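sequence and predicted structure below; questions after.
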Amino acid sequence: MNSLFARRSPLRIFLISALLTIASLLAVWSYLGFSAMLVALMLMVIEITFSFDNAIINARVLNTMSPFWQKMFVTVGILIAVFGMRVVFPILIVMFSAGLSWGDVVHLALQDPDAYAKALHGAHPSIASFGGMFLLMLTLHFFFDNSRTIQWLGPIERPLQVIGRKWLHAVVSFFVLVILMVLPLNHHPQETLFAGLAGIVTYVLIHGASEVFTKQRENSLKKAKGKGKLSGKHLALAGLSSFIYLEVLDASFSLDGVIGAFAVTKDVTLIAIGLGIGALWVRSLTLYLVHHKVLDVYRYLEHGAHYVIGILACTLLAGLFYEIPEAVAGLIGIVVITFSITSSIAYNKLELK
C-alpha cells in the first residue's frame, strides 16, 4: 500500500490533478450546468493533448534542477501557469492593447465576453510574433547544437549540426523576423518587429543565464568533491534561472492556446478552469517523465518534441497572415510524437538483439 503513494508512484504524481479535475467539473456542473461542464472538459483535454511536447521539454530542464526547485516548479510554478497565464496575462494584454484600466477589463471579461475576446484577438499579431520567435529560437538552438550525439532523422539533422555555430540560431531567427516584417501581406509590421525582437532577446537572456549558472553549479560540484562543501549561491542562481526559463517557456506554449480557447467559449471562467486544470496535468506529466526517466528510455522523444515546437512556431508566425486553427499544429504534433516513440521502441529492440 505504501508503494502506491511513494514519491515516484504514478498514483501520487497524478492524484492531485485527478482530484482537482473531478472537483472542478462537479463545481461547474453544479453552478453552470451540464453543457458548461462538457465545455470545461473539452478545454482540459485540448490543453493536455496539445501540451505534451511542452511537458517533454520541461522534463529535460527539470531533470537538471535540485529537488527544491522541482518543488517550486510544481507549486509556485503551477500558480503562475494557472492564474498568471490563464487569468492575469490575458487581462494585461487587453489593458495595454485597448488602453483600459484593470477594473474596466475585468468588468468587460465578466459582463461582455464577446468584446473582451475581440480585444484580446486584436493583440494576436504581437502575441504570435513574440511566441513564434521564442519557440523558433528554442527549435533552432536544439538542431544547430553540434555537441548532440543522438540523431533521429539524420538527413535533416546532420546538415544542421554541421553548419551549427554558437549564435547561429539567433542570427537565423532575426533574419526570419525581418522577412516576416517586410512581407506585403503583413499588416502589422511594427508589432511584428518589436514583439519578435522581445521574443528573441528574452530567449537569449533567460536561456543564457540558465546556461551560465548551470555551468557555475557544475564547477562548484567538482570543486566540492572531497571538500564537503558547495557554493549555495551558484546552486540558487542555477535553480532560479532554470525556473524562470521554464516559466517563460510555458508561457510561450500557452500564448496561442489562451486566444484559441475563445473559439470554443467566450466564458472566461470556463476558459480559466479548463486551461488551468489542463496545465496542472501537464505539470504532473512533466514530473512523471522526470521520475521515471522516460526521456532516457525513449531516446527520440526529445527530438520529436522539438520538431513539434518548430511546427508550433511556424503556425504562430503564419498566423500573422492567415487564420490557422490551433488544432492543426496539435494534431500534427500528436503524429510526430507518436512516430518518435515508435522509433525509440524500434531502436531499443534492435539494441537488445
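Now that the structure is in, tell me what you want to look at. Numbering: from 1, shown residues only.

residues near the residue nearest to residue 74 when sequence neighbours are not counted, how many?
Distances taken as Cβ to Cβ, 6 or more residues apart in numbering place residue 283 nearest to residue 74, at 5.3 Å, with adjacent residues excluded. (Each C-beta comes from the backbone N, C-alpha and C, glycine too.) Using other Cβ atoms under 10 Å, the number of residues around residue 283 comes to 25.

quick one: residue 283 from residue 290, how far?
According to Cβ to Cβ, to the nearest Å, residue 283 stands 11 Å off from residue 290.

so where's the stretch 51-200 of the chain shaky on pLDDT?
Low-confidence segments of the stretch 51-200 of the chain, defined by pLDDT under 70, are located at 97-98.

so what's the residue nearest to residue 74 scoring on pLDDT?
Reading off the confidence values, residue 283 has pLDDT 86.

could you do the one 3 residues further on as well?
Note on residue 286: pLDDT of 88.

isn't it right up against residue 58?
Yes - using Cβ atoms under 8 Å, residue 286 is in contact with residue 58, at 4.4 Å.

what do those two both touch?
Among the neighbours of residue 286, those also in contact with residue 58 (Cβ atoms under 8 Å, 6 or more residues apart in numbering) are residue 73.

for the two, indicate the residue with more neighbours.
A count of neighbours by other Cβ under 10 Å puts residue 286 above the other of residue 286 and residue 58, at 28 against 25.

which of the residues in the host helix or strand of the more buried one are buried?
In this structure, residue 286 sits in helix 268-291 according to DSSP states H and E. Neighbour counts over helix 268-291 (16 or more other Cβ atoms under 10 Å) mark 268-291 as buried.

picking that back up, what sits against the residue nearest to residue 74?
Residue 283 is in contact with 17, 73-74, 77-78, 81, counting by Cβ under 8 Å, 6+ apart.

strands - which of these land there?
Counting by DSSP state E, no part of the contacts of residue 283 is found in strands.

give me the number of residues near residue 104?
Neighbours of residue 104 (other Cβ under 10 Å): 13.

residue 299 in helix, strand or coil?
In three-state terms, and counting by DSSP: H, G, I helix; E, B strand; the rest coil, residue 299 is coil.

pLDDT score for it?
Reported pLDDT for residue 299: 90.

quick check: which element contains the spatially closest residue to it that is not a sequence neighbour?
Residue nearest to residue 299 in three dimensions, not counting chain neighbours: residue 344, with 5.2 Å by Cβ to Cβ, 6+ apart. Taking DSSP H and E as the definition, one finds residue 344 inside helix 326-352.

do the same with residue 308
helix 301-318.

could you give the angle of that helix to helix 326-352?
160 degrees (axes from the mean of the first three to the mean of the last three Cα atoms, to 10 degrees).

just the residues contacting helix 301-318, thanks.
By Cβ under 8 Å, 6+ apart, helix 301-318 touches 52-53, 56-57, 60, 128-129, 131-133, 135-136, 138-139, 142-143, 150-153, 157, 176, 180, 253, 255-256, 294-295, 324, 326, 328-329, 332-333, 336-337, 339-341, 344.

which of those are buried?
Applying 16+ other Cβ under 10 Å to the contacts of helix 301-318 flags 52-53, 56-57, 60, 128-129, 131-133, 135-136, 138-139, 142-143, 152, 157, 176, 180, 253, 255-256, 294-295, 324, 326, 329, 333, 336-337, 340-341, 344 as buried.

tell me the confidence at residue 231?
Value for residue 231, per-residue pLDDT: 56.

show the backbone phi and psi for residue 151.
Backbone torsions for residue 151, taken as degrees, to the nearest 10, come to phi -120, psi 140.

please read the previous query as pertaining to residue 322.
phi -130, psi 150.

so what's it up against?
Contacts of residue 322 by Cβ under 8 Å, 6+ apart: none found.

in space, what's closest to residue 279 - neighbours in sequence excluded?
Nearest non-adjacent residue to residue 279, counting by Cβ to Cβ, 6+ apart: residue 81, 4.5 Å away.

next, count neighbours for that neighbour.
25.

do residue 168 as well
16.

now it, nearest residue through space, not along the chain?
Going by Cβ to Cβ, 6+ apart, residue 168 has residue 144 as its nearest residue, at 5.1 Å.

wouldn't the one you found be in contact with residue 171 here?
No - using Cβ under 8 Å, residue 144 makes no contact with residue 171, being 10.0 Å away.

neighbour count winner among these two?
Between residue 144 and residue 171, residue 144 has the larger neighbour count (other Cβ under 10 Å), namely 20 against 11.
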